[in-house]
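Asks: sequence? don't have it. structure:
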Ligand SMILES: Nc1ncnc2c1ncn2[C@@H]1O[C@H](COP(=O)(O)OP(=O)(O)OP(=O)(O)O)[C@@H](O)[C@H]1O
C-alpha cells in the first residue's frame, strides 16, 4: 500500500530521486526509490532496522554511488557528482561526526564552516580584521545550539551529545538548502534531546529549508513530521501526511506499533 501526498504538487522540488537503487552483491538495499522533497517541508523517513534508510541518505548525500537511478537537486542531475559537489549544490548532512575536526576547538570548527560558506576557504590563521566577522557568526550558531560556554574546548573532549550539537551548529553555519539529519537524538541524554529537537523545530519554522530526517522514535516523528516516507526492504511502501501514513493499517501493524487507543476508549 502506498499513501501519496498531493500537498506539495504545485511547488518545485528541491531534491528528487528517481528509481534510486543500490545493490550490495545480490542484496538490493535501496530499491527503485522515487520521491520528491519540497522547500518548507520536513519529511521523516521511517522503517524497521535494515530497511535502507541510512543507505538512502548515503546515496543522496553522495557517500555511496548508486547502482542505478538518479539524484536531482533543483532539477540538476547530480547522480555522478561526489559528496563535495553535492554540498556545494546545497545538500547538508549532520550527525556523521566525521565532519568534526577533533583536534581543533569548538569555535574553530564552526568558524571554518562559516568561512567555507562565505567562500573564504579553510584558513585558521589570518589577519584579525578578516576573521572578526566569521567569529561573530560562529558565536551566533554556538548560542543557538547551547555550546557557547564550551567554545574553547577541544572537540575531542566533548561528550557525544555536545559533539552532535556541534554538528548541528556546523550544519546551520553552512546554510544548506537541503538539511539531512540521521537520527539526531540517538545516543543523547534525556536533557540534551530537547535542545536538538527545538533547533530542528526552529529550522522548520523558517519554512524555507527542505528537511529530511531519519528517526526511530515515534514521539519525535509525531512532533516534527510534515510528511512521512516509509521504507521496507529498500522499497518505498508509504508516503504521505503523518495522519494518513500512521493510520494506514499496514504501517500501523508493521512499522509504528499497535494503534493508540481512542481517548474515550480509556473510559470504556
Ligand atoms: N556497505 C554495505 N555493504 C553491504 N551491505 C550493506 C552496506 N550498507 C548497508 N548494507 C545493508 O543494506 C541494508 C540497509 O541498511 P541501512 O543501514 O541502510 O538500514 P537502516 O534502515 O538505516 O537500518 P537502521 O534503522 O538499523 O539504521 C541492510 O541489510 C544492511 O546490512
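Replies: Now that the structure is in, tell me what you want to look at. Here the structure is a predicted model, which means the values were calculated and not measured.

Asks: List the buried residues in the host helix or strand of residue 33.
Replies: Element membership for residue 33, per DSSP states H and E: strand 27-37. By 16 or more other CB atoms under 10 Å, the buried positions in strand 27-37 come out as 28, 29, 30, 31, 33, 35, 36, 37. The C-beta positions use only the backbone N, C-alpha and C, and glycine is treated the same way.

Asks: Give the buried residues for the helix or strand harbouring residue 144.
Replies: Using DSSP H and E, residue 144 maps to helix 128-145. Within helix 128-145, the residues that count as buried by 16+ other CB under 10 Å are 131, 134, 135, 137, 138, 139, 141, 142, 144, 145.

Asks: Adding pLDDT, write these out as a markdown table.
Replies: Output for the buried residues of helix 128-145, formatted as a markdown table (pLDDT from 0 to 100):
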| residue | pLDDT |
| --- | --- |
| 131 | 62 |
| 134 | 82 |
| 135 | 88 |
| 137 | 91 |
| 138 | 94 |
| 139 | 94 |
| 141 | 93 |
| 142 | 95 |
| 144 | 90 |
| 145 | 89 |
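
Asks: Kindly reformat the residues you listed as CSV containing distance to residue 186.
Replies: Putting the buried residues of helix 128-145 into CSV (distance: CB to CB, whole Å) gives the following:
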residue, distance to residue 186
131, 34
134, 30
135, 31
137, 28
138, 25
139, 27
141, 22
142, 22
144, 21
145, 17
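
Asks: Serialize the buried residues of strand 27-37 to TSV and add fields for distance to the ligand and pLDDT.
Replies: Formatted as TSV, these follow (distance: CB to the nearest ligand atom, whole Å; pLDDT from 0 to 100):
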residue	distance to the ligand	pLDDT
28	9	97
29	3	98
30	7	98
31	10	97
33	11	98
35	15	97
36	20	97
37	18	97
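
Asks: hey, where'd the strands end up in the stretch 51-200 of the chain?
Replies: With DSSP state E, counting those that start in this stretch as the definition, the stretch 51-200 of the chain shows strands at residue ranges 68-73, 76-77, 91-94, 178-182.

Asks: what's the closest of these to residue 14?
Replies: Evaluated over these, closeness to residue 14 peaks at strand 178-182, with 5.5 Å, by CB to CB.

Asks: Once you drop chain neighbours, what's closest to residue 171?
Replies: residue 94 (4.3 Å; CB to CB, 6 or more residues apart in numbering).

Asks: how many neighbours does that neighbour have?
Replies: Look at residue 94: counted by other CB atoms under 10 Å, it has 24 neighbours.

Asks: shouldn't it be in contact with residue 182?
Replies: Yes. Counting by CB atoms under 8 Å, residue 94 does reach residue 182; the two are 7.4 Å apart.

Asks: circling back: weakest of the strands of the stretch 51-200 of the chain by average pLDDT?
Replies: Ranked by mean pLDDT, the strands of the stretch 51-200 of the chain bottom out at strand 91-94, with a mean of 88.

Asks: now what about that strand, what contacts it?
Replies: Defining contact as CB atoms under 8 Å, 6 or more residues apart in numbering, one finds that strand 91-94 is touched by 15, 57, 60-62, 73, 164, 167-168, 170-171, 174-176, 178-182, 184.
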